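# this is a predicted model, with the sequence first.
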Amino acid sequence: QVQLVESGGGLVQAGGSLRLSCAASGRTFSSYAVGWFRQVPGKEGEFVAAISWSDGTTYYADSVKGRFTISRDNAKNTVYLQMNSLKPEDTAVYYCAADPREYGASTNLYEYDYWGQGTRVTVSS
């Protein structure tokens, strides 16, 4: 079983940047796809970005494409989400999740087995 811990959230002005980190412990990220999702109160979790294990293929929601970048450092067992040009509508609790699949990455949150506790991102206008 893998445990995930997110960090890097905070308060930032619109147009600013944040980098979220998702660190794995318990076992490595080996053969896990990793995704970032976000949730606001009263709404279902929303896919943000994902990265595959096998070749690092990345996937993005249309709403963040061109502004967010997901990357992984397998040696450090960490996945990052670089968020630039932040908008107030990016305000949410961000969660990373791991899916034990070797190829590809899903955009469906229900396919992810392991979740972190979340980190809050607030973008002020």
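That came through, no problem.
# CA atoms for contacts and neighbours, from now on please.
Fine.
# show the model's pLDDT score for the closest residue to W115 other than its chain neighbours.
On the basis of CA to CA, 6 or more residues apart in numbering, the spatially nearest residue to W115 that is not a chain neighbour turns out to be A97, at 4.4 Å. On the pLDDT scale, A97 is placed at 97.
# who does the helix or strand where A97 lies pair up with?
Using DSSP states H and E, A97 sits within strand 92-99. Partners of strand 92-99 in the sheet, by DSSP bridges, are strand 33-39 (antiparallel), strand 114-115 (antiparallel), strand 119-124 (antiparallel).
# now do the last one: everything it contacts.
Translated: strand 119-124. In this structure, residues lying in contact with strand 119-124 by CA atoms under 8 Å, 6 or more residues apart in numbering are 6-14, 86-95.
# can you give me the buried ones in stretch 67-79?
F68, T69, I70, S71, R72, N77, T78, V79 (16 or more other CA atoms under 10 Å).
# the fifth one contacts T58, doesn't it?
When you say that, I think you mean R72. No: no contact is recorded between R72 and T58 when judged using CA atoms under 8 Å, the distance being 10.2 Å.
# quickly list what's touching both of those two.
Counting by CA under 8 Å, 6+ apart, the residues touching both R72 and T58 are I51.
# coming back round to it: any chance of the strands paired with strand 92-99 in a markdown table, plus mean pLDDT?
Shown next, in a markdown table, are these (pLDDT from 0 to 100):
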| stretch | mean pLDDT |
| --- | --- |
| strand 33-39 | 97 |
| strand 114-115 | 96 |
| strand 119-124 | 98 |
